[in-house]
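>>> Fold the following, please.
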Amino acid sequence: MKIIKKSKIKEASVYADLMKTELQVLETCLHPNITKVFEMFEDDENFYVVCELSTGGTLLDKLGKAEFSPEKAARVIKQLLLALNYMHEEKNIAHRDIKLENILCMPHSDDKDGCFTVKLTDFGFA
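Prediction:
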């Protein structure tokens with residue numbers, strides 16, 4: 001679950017409306033390379049975004065720990081392009097904050113060769 005403090009947001013009421021609209025769209029996204037958003041809640045102090053659990057860390061973590069072959073890099077780029085194409089073509093959404101920290105890694109159950117699925121996350125809600 002991601003917690004966003006309202007005190008750190010200017011014009012929280014306007015932001016809340018934009019975030020709710022974007023979350024409604026993201027809740028309908030069914031793509032293997034986009035982190036699934038299940039629900040959003042709020043109280044007087046915070047917004048709470050309930051998302052799919054990711055256990056593999058970020059792509060930044062992976063790059064710091066393992067050797068990346070050209071083949072593995074190509075698999076990562078292909079997955080990201082598939083996610084971006086889906087968001088652009090099907091949902092009319094631009095991410096606008098793609099960075100290594102916003103790409104989560106999901107290890108495969110048979111993780112013999114370091115294979116993992118990447119999932120684009122944190123669409124900014126800006």
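>>> Identify the residues contacting the residue lying closest to residue 35 once chain neighbours are set aside.
Distance criterion C-beta to C-beta, 6 or more residues apart in numbering; nearest residue to residue 35, sequence neighbours excluded, is residue 121 at 4.0 Å. For the C-beta atoms, the positions are set from N, CA and C on the backbone; glycine is no exception. Applying C-beta atoms under 8 Å, 6 or more residues apart in numbering to residue 121 gives the contacts 34, 35, 51, 54, 102, 103, 104.
>>> And for the last one, the neighbour number?
For residue 104, the count of nearby residues is 25 (other C-beta atoms under 10 Å).
>>> and it, how far is that from residue 83?
11 Å (C-beta to C-beta, to the nearest Å).
>>> And the helices in this protein?
Using DSSP state H, the helices of the chain run over residues 12-27, 59-65, 70-91.
>>> List the buried residues of the longest one.
It stands for helix 70-91. Residues 72, 76, 79, 80, 82, 83, 84, 86, 87 are the ones in helix 70-91 that count as buried (16 or more other C-beta atoms under 10 Å).
>>> could those residues go into CSV alongside distance to residue 62 and pLDDT?
Formatted as CSV, the buried residues of helix 70-91 follow (distance: C-beta to C-beta, whole Å; pLDDT from 0 to 100):
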residue, distance to residue 62, pLDDT
72, 9, 89
76, 9, 94
79, 13, 97
80, 13, 96
82, 18, 97
83, 17, 95
84, 19, 94
86, 22, 95
87, 22, 91
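>>> which one of these is nearest residue 94?
Nearest to residue 94 out of the buried residues of helix 70-91 is residue 87 (C-beta to C-beta; 7.4 Å).
>>> Please name the nearest non-neighbouring residue to that closest one.
Distance criterion C-beta to C-beta, 6+ apart; nearest residue to residue 87, sequence neighbours excluded, is residue 93 at 4.7 Å.
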